[in-house]
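**Student:** below are the sequence and a predicted model for it; my questions follow.
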Amino acid sequence: MVNPSSRQGPAFKNDAARAFTAGAFSTGASLYHAARPSYPAEVRSLVRGGELLDIGAGTGKLTELLLADAHRITTLEPSPDMAQVLAARLTDVAVVRGTAEALPFADAQFSTITCAQTWHWLDVEAASREAARVAQPDGRLVLVWNTLDVTHPWVLRYSRISHSGDVHREGFYPTVGNQWQLADEQRTKWIQPTTPEELISLMRTRSYWLRASDTTRAKVEANLHWYLYERLGFSPGQLLPLPYRTDAFAYERLCL
């Protein structure tokens, strides 16, 4: 392994717990697409031209950004709900159902493999091997995360109430297999305009809420309503600056 970070991102008790939590995204794709932000345009500079594979593409947030550069992109998405929304939105993009641990593609097919908001859900060893297999000899693996900027106290508390488990510590590095070597990285801070209602919708896209019982969901929503409208005094429809951090990493394939 290279570039490991201990306890700096989502942690799971074992592979079964990781797979169970990831399964939360089998539904709710339309809300996910409406509530989750896209990525800063700077991420595009990490991607090489040619044939691209976007793993765990979801509803196509990163895919759409990269299409601005006229890349030829194939997407891979295990969730039928996510894949359906993706295919309906980006009609010229190939959508393949499958997993990163067993890629249904030929060897040395892609110049760049991207993975946004997804890598922490995967079996890193298997996904790294498969990415190296389908990458061209000079291919790249680009990993991207949007993270709430919890250096702002009100955002930190919001993230805790909404159980935003994908918050990575500032300055983290992901763990990847030894087939890959870090070549470049980007650390970007930016603001997403939002409203209290949109913050509640964003909470409803978190794996914790999606896997929770009706009783737990009601409790979390009540706590968040109290925090936003009573404790912070926000008004319905009020425009708020939600701070984000985007961490993006470009790895080059090693010849082992």
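**Tutor:** That came through, no problem.
**Student:** between the two ends of stretch 116-127, how far is it?
**Tutor:** Criterion CA to CA, to the nearest Å; first-to-last residue distance in stretch 116-127 is 14 Å.
**Student:** tell me which residues in that stretch are buried?
**Tutor:** 116-122, 124, 127 (16 or more other CB atoms under 10 Å). C-betas here are computed from N, CA, C, even on glycine.
**Student:** need the helices for the stretch 1-150 of the chain, in chain order.
**Tutor:** Using DSSP state H, counting those that start in this stretch, the helices of the stretch 1-150 of the chain run over 15-22, 29-35, 61-67, 80-89, 124-134.
**Student:** okay if I get those as TSV plus mean pLDDT and distance to S235?
**Tutor:** Output for the helices of the stretch 1-150 of the chain, formatted as TSV (pLDDT from 0 to 100; distance: least, CB to CB, whole Å):
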stretch	mean pLDDT	distance to S235
helix 15-22	42	34
helix 29-35	89	20
helix 61-67	96	29
helix 80-89	94	31
helix 124-134	97	44
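**Student:** and those helices: which comes nearest T147?
**Tutor:** Nearest to T147 among the helices of the stretch 1-150 of the chain is helix 61-67 (14.4 Å), distances taken as CB to CB.
**Student:** what is the closest one packed up against?
**Tutor:** strand 51-55, strand 72-76, strand 110-116 (3 or more CB pairs under 8 Å, 6 or more residues apart in numbering; DSSP states H and E).
**Student:** can the ones you listed go into TSV with extra columns for distance to G165?
**Tutor:** Putting those into TSV (distance: least, CB to CB, whole Å) gives the following:
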stretch	distance to G165
strand 51-55	20
strand 72-76	23
strand 110-116	17
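**Student:** returning to what we had before: which one of the buried residues of stretch 116-127 is nearest to F110?
**Tutor:** Nearest to F110 among the buried residues of stretch 116-127, with distances taken as CB to CB, is A127, at 13.9 Å.
**Student:** run a quick neighbour tally on the closest residue to that closest one other than its chain neighbours.
**Tutor:** Excluding its sequence neighbours, the residue lying closest to A127 (CB to CB, 6 or more residues apart in numbering) is A100, at 4.2 Å. Here the number of neighbours of A100 (other CB atoms under 10 Å) works out to 23.
**Student:** how far away is A100 from H163?
**Tutor:** Note on A100: its distance to H163, by CB to CB, to the nearest Å, is 25 Å.
**Student:** and T216, by the same measure?
**Tutor:** Counting by CB to CB, the gap from T216 to H163 is 10 Å.
**Student:** W226 now?
**Tutor:** 16 Å.
**Student:** since that was my last question, I'll sign off now.
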